[in-house]
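>>> Test case, fold it:
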Amino acid sequence: MRPARIVLVVAGSLLALVGLAALAAGGALLWAHGTQRDAAGYYNSATDRFQTSGYALTATADFGSRPDGQDWVPGHDIGTVRIRAAGPAGRPLFVGVAPQAQIDRWLAGVAHTRVSSVSAGPFRSESTYIPGSAVPASPAAQSFWAARSSGSGLQTVVWETQPGRWGAVVMYADASPGVAAAVTVGVRTGLFLPVGLGAAGFGLLVLAGSAVMLVLGLHQGGGERETRPAWTPAPVTPTVPGSYPVRLDGHADPGTGRWLWLVKWVLVVPHLVLLAFLWLAVGVLTVVAGFAIFFTERYPRSIFEFNSGVFRWTWRVAFYSVSAFGTDRYPPFSLRPDPTYPAELTIDYPDHLSRWLVLVKWWLLALPQYLVVAILAGGWEYRASGAWRIAGGGGLIGLLALIAAVIRMVRGRTPGPLFDVVIGLNRWCYRVLAYAALMRDEYPPFRLDTGGADPGHAPAAPPPPPPAPPATVPPYPSEASRPAP
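Prediction:
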C-alpha cells in the first residue's frame, strides 16, 4: 500500500472517531430533549440527600466567566435553574442563589461543606468540608440574594441564569449547624434541541467525509493491481494442511550485537508514533469489518490486508525491540511482507466467517485467552477507583526477552532454547490478536508452539541427490582389437 493511501486510511479513521463522538453527543441531547423533560420543561437530576456537620451546604457554578473576569456568555436568557430542597420535618430550611464572592465573604470563617461535583449511576458526590469557628448571620437578613426561599416543607427557588460565578446555599433558616436536606436540581433551556441537531449534523458530515477517505485509501485501482500484486504473495514455504492460519516467524539474527538493545527503546520511537495512528485506524476498520461480516459473512479484503499489514509491522518492531531483541536490523516502515527480514507474520484470508460468532468471539469466547495474554504480555490492572485499564509491559515475554538479552551481552550469543520460548509466547499472543480482530473463526489453541519457524510451515524438502555418474565403457579403437567371445 502506498504511503498516500495509508495516510488517507489513518486520517479517515480519525475523522470517523470525531464524527461518531459528535453524532453520539447530538443523539444524547436530542434524546434528552424528547424524553427527559417534565411538564414544566425542566431536565431534573435525581433527588439526593446531603448533610454536613457545619452550618451550610454550598455549590458553585460558572456561567461563562473567565479567569480575567470578563464574561463571554451573551446577555440574553440562556436558561433557568430550579432548586428544590426539603429538610427534616419541622425544621425550616433556607435556599438561596447569589454571587459566589458575596457568599464567600458571608461564610468566611464559618464551618460548611462545599459540594464540588455530583455524578450519577450510581450516585456519588465529592465535597470538601471547610472548618471554621464563626457563627453565620441569619441568611434571611442578607440582601445579596438573587433568588431565595425559606420555610418548612419543600422549598423551591427559580433563577434565571446570568453570566458570572454564582453559588447556591442550603441551610437551616435559623442558621443552626448539622444541616441535612434532600435536593433536586432542574434546568430549563432551549439549547438542547439546536445544539443536538447541530452536533448530529456535523457528525454525519464528518462520517461521510471519513467514508470517502477510507474508500479512496483502501480501494486498489486496476493499474495498481497489475503493477503491484500486493497483499497476496506466495508463501515463502509451503504450509502444513490443517495448521493454524496465523503464522508467526522470528529467527535469531547471528549478527545481533551485545549492547544495542540498551537503546532500542529510543530507536523505535518513530515506529511507535506511526503505529499509534495505525492502530487507531485498525480499531475503526475492525468495527466496520464486524458489520460487514454480520451482513455478508465475509471480511472486506482491503480492510483485511491493511489490518494484517499493521499486525506485521507491529511484530517486526516488537521483534527488534522489547519482545525479543532478535535482530539489529532496523524494521522497515512498511505493511508489506518482506521475506528478507528475520521476523514475519502471515494471516490467511478467510473465504467465509460466521455472522453470529462476530457478536461474541471478541469478548466472551476470547476471555480465557485474554487472561493468558495478560500474563504473557502484561495486561490488566484494577485501580482503587473501581476501573479496569490496560497496563502494557511487565509481562512474561518482556521479562524473558530481557534475560536473553543480558545473557547475550555476557556470553556473546543468544540462548537458543530461551529464545524459542520467547517466540512461542509471542506467537500465542498474535494468534489471539487475530482472533479478537475478527480475522479468523478458528479458536486459538491453548498450546505453546516454540521455535523460530512456525509449525504451520512445512519443513523444506531435502535437496535431490546428485545424479549418478554415467557408466564408463572401455574404449575399443577397432573391431579387430575386440576380444573374442
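>>> Report pLDDT for the closest residue to Y341 other than its chain neighbours.
Counting by Cβ to Cβ, 6 or more residues apart in numbering, R316 is the residue found nearest to Y341 once chain neighbours are left out, at 6.2 Å. (Each C-beta comes from the backbone N, C-alpha and C, glycine too.) pLDDT recorded at R316 is 97.
>>> Buried residues in whatever helix or strand R316 lives in, which are they?
Using DSSP states H and E, R316 falls within helix 301-320. Neighbour-count burial for helix 301-320 flags 302-320 (criterion: 16 or more other Cβ atoms under 10 Å).
>>> Ok, stretch 18-27 next?
Residues of stretch 18-27 classed as buried by neighbour count (16+ other Cβ under 10 Å): 19-20, 22-23, 25-26.
>>> Helices - which of those land there?
19-20, 22-23, 25-26 (DSSP state H).
>>> pLDDT and distance to P342 added to the residues you listed, as CSV?
Listed next are these as CSV, based on pLDDT from 0 to 100; distance: Cβ to Cβ, whole Å:
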residue, pLDDT, distance to P342
G19, 95, 41
L20, 94, 39
A22, 96, 45
L23, 95, 45
A25, 95, 47
G26, 95, 50
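>>> In JSON lines, list those along with distance to G290.
Shown next, in JSON lines, are these (distance: Cβ to Cβ, whole Å):
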{"residue": "G19", "distance to G290": "18"}
{"residue": "L20", "distance to G290": "14"}
{"residue": "A22", "distance to G290": "22"}
{"residue": "L23", "distance to G290": "18"}
{"residue": "A25", "distance to G290": "23"}
{"residue": "G26", "distance to G290": "23"}
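>>> so for stretch 324-332, what's the average pLDDT?
Mean predicted confidence for stretch 324-332 is 95.
>>> Look at that stretch and report the distance between its end residues.
Counting by Cα to Cα, to the nearest Å, you get 17 Å between the two ends of stretch 324-332.
>>> Distance from that stretch to the middle of the chain?
With Cα atoms, centre = their mean, to the nearest Å as the basis, stretch 324-332 stands 27 Å off its chain's centre.
>>> same thing with stretch 84-104?
Remark: stretch 84-104 is offset 43 Å from the chain centroid, using Cα atoms, centre = their mean.
>>> Hmm, M171 is touching Y55, no?
Yes. Between M171 and Y55 there is a contact at 6.0 Å, judged by Cβ atoms under 8 Å.
>>> Who has more neighbours out of these two?
The neighbour comparison of M171 against Y55 (other Cβ atoms under 10 Å) goes to M171, with 28 against 23.
>>> For whichever helix or strand the more buried one is part of, what does the pLDDT average out to?
Counting by DSSP H and E, the element that carries M171 is strand 164-172. Strand 164-172 carries an average pLDDT of 94.
>>> How about stretch 37-52?
When pLDDT is averaged over stretch 37-52, the result is 90.
>>> Buried ones in it, by neighbour count?
Buried positions in stretch 37-52, judged by neighbour count with 16+ other Cβ under 10 Å: 37, 42-44, 48, 50, 52.
>>> Also stretch 156-170?
Quick answer for stretch 156-170 (16+ other Cβ under 10 Å): 157-159, 161-170.
>>> So which of the residues you listed is the closest to G255?
Using Cβ to Cβ, the shortest approach to G255 within the buried residues of stretch 156-170 belongs to R165, at 66.5 Å.
>>> Would you check how far apart the closest one and A56 are?
To A56, R165 is 18 Å away according to Cβ to Cβ, to the nearest Å.
>>> Same question for A252.
71 Å.
>>> And V212, by the same measure?
57 Å.
>>> cool, and Q142?
Separation of Q142 from A56 (Cβ to Cβ): 12 Å.
>>> next one: L396
From L396 across to A56, the span is 56 Å (Cβ to Cβ).
>>> Mean pLDDT per helix and strand in the protein: which one sits at the bottom?
helix 222-227 (a mean of 44; mean pLDDT, DSSP states H and E).
>>> so after that one, what's the next helix or strand?
strand 246-250.
>>> mind listing what's buried in whichever helix or strand comes after that following strand?
Note on strand 246-250: by DSSP H and E, the next helix or strand toward the C-terminus is helix 264-267. Buried residues in helix 264-267, counting neighbours by 16+ other Cβ under 10 Å, are found at K264.
>>> Stretch 175-195 now?
If you call a residue buried by 16+ other Cβ under 10 Å, then stretch 175-195 has these buried ones: 175, 177, 179, 181-189, 192, 195.
>>> Now flag whichever of those is closest to L262.
The closest of those to L262 turns out to be V195 (Cβ to Cβ; 53.4 Å).
>>> surely that closest one meets A28?
No. Contact criterion Cβ under 8 Å: V195 and A28 do not qualify, at 10.6 Å.
>>> quick one on the thing from earlier: the residue nearest to Y341 and A405, how far apart?
17 Å.
>>> For P136, grab the count of nearby residues.
Applying other Cβ under 10 Å, we find 22 residues neighbouring P136.
>>> just the one 4 residues further on next, same as before
Applying other Cβ under 10 Å, we find 14 other residues in the vicinity of A140.
>>> ditto for R2
A total of 11 residues lie near R2 under the criterion other Cβ under 10 Å.
>>> Starting from S302, give me the distance back to it.
When Cβ to Cβ is the yardstick, R2 and S302 sit 13 Å from each other.
>>> and what of G12?
Distance, G12 to S302, using Cβ to Cβ: 12 Å.
>>> wait, isn't Q100 in contact with A146?
No. With contacts counted by Cβ under 8 Å, Q100 stays clear of A146, the gap being 11.4 Å.
>>> higher neighbour count, these two?
Ranked by neighbour count (other Cβ under 10 Å), Q100 and A146 place Q100 first, with 18 against 15.
>>> could you measure the more buried one against S308, distance?
With distances taken as Cβ to Cβ, Q100 is found 57 Å from S308.
>>> same question, T340
Counting by Cβ to Cβ, the separation of T340 from S308 is 19 Å.
>>> Next up, the contacts around the residue nearest to L57 when sequence neighbours are not counted.
Spatial nearest neighbour of L57, chain neighbours left out: V170 (4.5 Å); criterion: Cβ to Cβ, 6+ apart. With contact set as Cβ atoms under 8 Å, 6 or more residues apart in numbering, V170 has these partners: 50, 56-58, 83, 85, 93-95, 179, 181, 183.
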